[in-house]
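>>> Sequence below, structure please.
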Amino acid sequence: MELLVAADDRTGAFETAAALADRGAGPVPVSAWPAKPPAATVAVVDLGSRHALVADAARRAATLPSAARQAHKIDSTLRGNWAEELGARAATHPVLLVPALPAFGRTCVGGVVLEHGRPVHEGTAGTDVRRRVCGSRPADALRAAGAGGVVELADPAAIGRWLEAPSGVAVADAADTAAIDAAVTAWATAPTDVVLAGTSAVIGAAAPALGMRAAPARPPAFGGPVLVACGSVHPAARRQLAAAGRAGHAVTLLADDLAAGTLRAAGVLILATEIPVGDVDAPLAAAAAAALAGGVTELLRQVGCGALIVLGGDTVAAVAGDASVVVHGSIGVGTAWAEVAGFDQPVITRSGGFGSEHALVELIGRCRTV
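Sure thing, here's the model as predicted:
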């Protein structure tokens, strides 16, 4: 295997696989831990560690199979156990972390991750009802997690010097795509034991940097009703649901005969979970995701759909389960499309924290017009 990528949730895994496919890796398989990644030049494994116990997340990251090159996708708003995971990996391999996703205004400047110039933990981007994000400086989180040799790198020259004798974890600034490409190109020519960590944009840049040149796949042909499943309670996702409702799309909490009739007649239906009161514990989140996945299965049984859109990492994991997955590319920033075993239609996934208020309406429109 030329490149093995770890991600901490399912939408992140799909998003990263899509970014790699877009930039030359060809179709990318995605597997769910602890299943062994399929034999492929490039593969992505979902560790399922976003909300795991810290020790479990670190152990999963430390026991990944070997590959010629390793990469580790982290959440662009610093949610999850990424610091502990990278700390575990840094015990045996130096780690270069580039925590930037410019397409959504998320950059790293002066060692601080910002969203449109504001520390990411101060805005809604860092919202997580299962664990709050409390800081925006990755180096602080890494040191708190026990990682040793943590340094901050302000420019390409500093990255180059660190890569001459890499050790510990280096956090590199990046304010735009050019800075990301420069950092990843430097990584690609560095010792092969350095783990590249960062957002999907950073990991995607590894494909051309490593000389991958496969032609991007053409978007799928959609035909028939569009079913949307949203289990995310991120404010961005909920704003998108509200905008979809105002645009005339039906939003329901129940996958019953009435919902199936609406989907069949109107051509679009959004199946969502209720917004919880307060923080959410693991059993409640799992139950909500499982119930939503069951609703998706029932509606697809009754109505032949041309596309299934799934928002939110826990939702994607519940809907796809352990099925075989091949991601072919993106149909928008952060929006992956995949073939999932057991589903007759393309499955389109996106993080609940991505996109403008009208992003879901626009995505539905694309699926109905292509």
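>>> Which pLDDT value goes with Asp314?
Here, the pLDDT recorded for Asp314 equals 89.
>>> tell me which element it is part of?
Using DSSP states H and E, Asp314 falls within helix 313-320.
>>> Tell me the first helix or strand C-terminal of that helix.
Where DSSP H and E defines the elements, the next helix or strand beyond helix 313-320 is strand 325-332.
>>> Can you name the residues in contact with that next one?
14-15, 17-19, 21-22, 27-31, 44, 216-217, 219-220, 336-341, 348, 350, 359, 362-363, 366 (C-beta atoms under 8 Å, 6 or more residues apart in numbering). (Each C-beta comes from the backbone N, C-alpha and C, glycine too.)
>>> State which helix of this protein is the longest.
Longest helix in the chain by number of residues (criterion: DSSP state H): helix 282-302.
>>> Name every sheet partner of the helix or strand that comes right after that one and say whether each one runs parallel or antiparallel.
Per DSSP H and E, helix 282-302 leads on to strand 307-311 as the next helix or strand towards the C-terminus. Note on strand 307-311: by DSSP bridges, its sheet partners are strand 226-230 (parallel), strand 347-350 (parallel).
>>> Burial-wise, tell me which of the ones you listed comes out on top.
Among the strands paired with strand 307-311, strand 347-350 has the highest mean neighbour count (mean count of other C-beta atoms under 10 Å), at a mean of 28.
>>> Tell me the buried residues in whichever helix or strand comes after it?
Following strand 347-350 in sequence order, the next helix or strand is helix 359-369 (DSSP H and E). For helix 359-369, the neighbour count (16 or more other C-beta atoms under 10 Å) marks Ala359, Leu360, Val361, Leu363, Ile364, Arg366, Cys367, Arg368 as buried.
>>> Next, the angle strand 226-230 makes with helix 359-369.
On the basis of axes from the mean of the first three to the mean of the last three C-alpha atoms, to 10 degrees, helix 359-369 is oriented at 160 degrees to strand 226-230.
>>> could we number from 43 for the rest of this?
Fine by me, first position is 43 from now on; the one you just mentioned is helix 401-411.
>>> can you tell me the average pLDDT over helix 401-411?
Rounded mean pLDDT across helix 401-411 is 91.
>>> Restricting to C-alpha, output that helix in PDB.
The C-alpha trace of helix 401-411 is given here as PDB (Å, rounded to 0.1, in the frame of the first residue of the first chain):
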ATOM      1  CA  ALA A 401     -25.800  24.200   1.100                       C
ATOM      2  CA  LEU A 402     -28.300  21.400   1.500                       C
ATOM      3  CA  VAL A 403     -30.800  23.100  -0.800                       C
ATOM      4  CA  GLU A 404     -28.100  23.500  -3.400                       C
ATOM      5  CA  LEU A 405     -27.000  19.900  -3.000                       C
ATOM      6  CA  ILE A 406     -30.600  18.600  -3.400                       C
ATOM      7  CA  GLY A 407     -31.000  20.700  -6.500                       C
ATOM      8  CA  ARG A 408     -27.900  19.300  -8.000                       C
ATOM      9  CA  CYS A 409     -29.000  15.700  -7.400                       C
ATOM     10  CA  ARG A 410     -32.400  16.400  -9.100                       C
ATOM     11  CA  THR A 411     -31.000  18.200 -12.200                       C
END
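>>> what angle separates that helix from strand 367-374?
Using the same axes, to 10 degrees: helix 401-411 against strand 367-374 is 110 degrees.
>>> For helix 401-411, which outside residues touch it?
Contacts for helix 401-411 (C-beta under 8 Å, 6+ apart): 264, 268, 270, 282-283, 285-286, 289, 291, 309-310, 312, 348-349, 351, 353, 373-374, 377, 390, 392.
>>> Write a ChimeraX command that selects only the buried members of these.
A single ChimeraX command selects the buried members of the contacts of helix 401-411 (16+ other C-beta under 10 Å):
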select :264,268,270,282,283,285,286,291,309,310,312,348,349,351,353,373,374,377,390,392
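>>> Turn the buried residues of helix 401-411 into a markdown table, columns for distance to Ala48.
Formatted as a markdown table, the buried residues of helix 401-411 follow (distance: C-beta to C-beta, whole Å):
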| residue | distance to Ala48 |
| --- | --- |
| Ala401 | 27 |
| Leu402 | 28 |
| Val403 | 33 |
| Leu405 | 27 |
| Ile406 | 31 |
| Arg408 | 30 |
| Cys409 | 30 |
| Arg410 | 35 |
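>>> Identify the farthest-apart pair in those.
By the measure C-beta to C-beta, these have their two most distant members at Ala401 and Arg410, which lie 15.2 Å apart.
>>> ok, residues contacting the helix holding Asp356?
51-54, 56, 74, 88, 90, 92, 271-274, 327-328, 330-332, 334-335, 338, 350, 352, 382, 389, 391, 393-394.
>>> filter the residues you listed to the buried ones?
Buried among the contacts of helix 355-362 (16+ other C-beta under 10 Å): 51-54, 56, 74, 88, 90, 92, 271-274, 327, 330-331, 334-335, 338, 350, 352, 382, 389, 391, 393-394.
>>> now the strands for the stretch 143-292 of the chain?
Along the stretch 143-292 of the chain, counting by DSSP state E, counting those that start in this stretch, strands occupy 148-151, 154-157, 160-161, 192-195, 211-214, 237-240, 268-272, 292-294.
>>> in its sheet, what does the last one sit against?
Spelled out, that is strand 292-294. strand 310-314 (parallel).
>>> ok so, going back, using CSV, write out every CA atom in the helix holding Asp356.
Provided in CSV are the C-alpha atoms of helix 355-362 (Å, rounded to 0.1, in the frame of the first residue of the first chain):
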residue,chain,number,x,y,z
GLY,A,355,-20.4,11.2,10.9
ASP,A,356,-22.4,9.1,13.3
THR,A,357,-25.3,8.9,10.9
VAL,A,358,-23.1,7.8,8.0
ALA,A,359,-21.5,5.1,10.2
ALA,A,360,-25.0,3.8,11.2
VAL,A,361,-26.4,3.9,7.7
ALA,A,362,-23.4,2.3,6.0
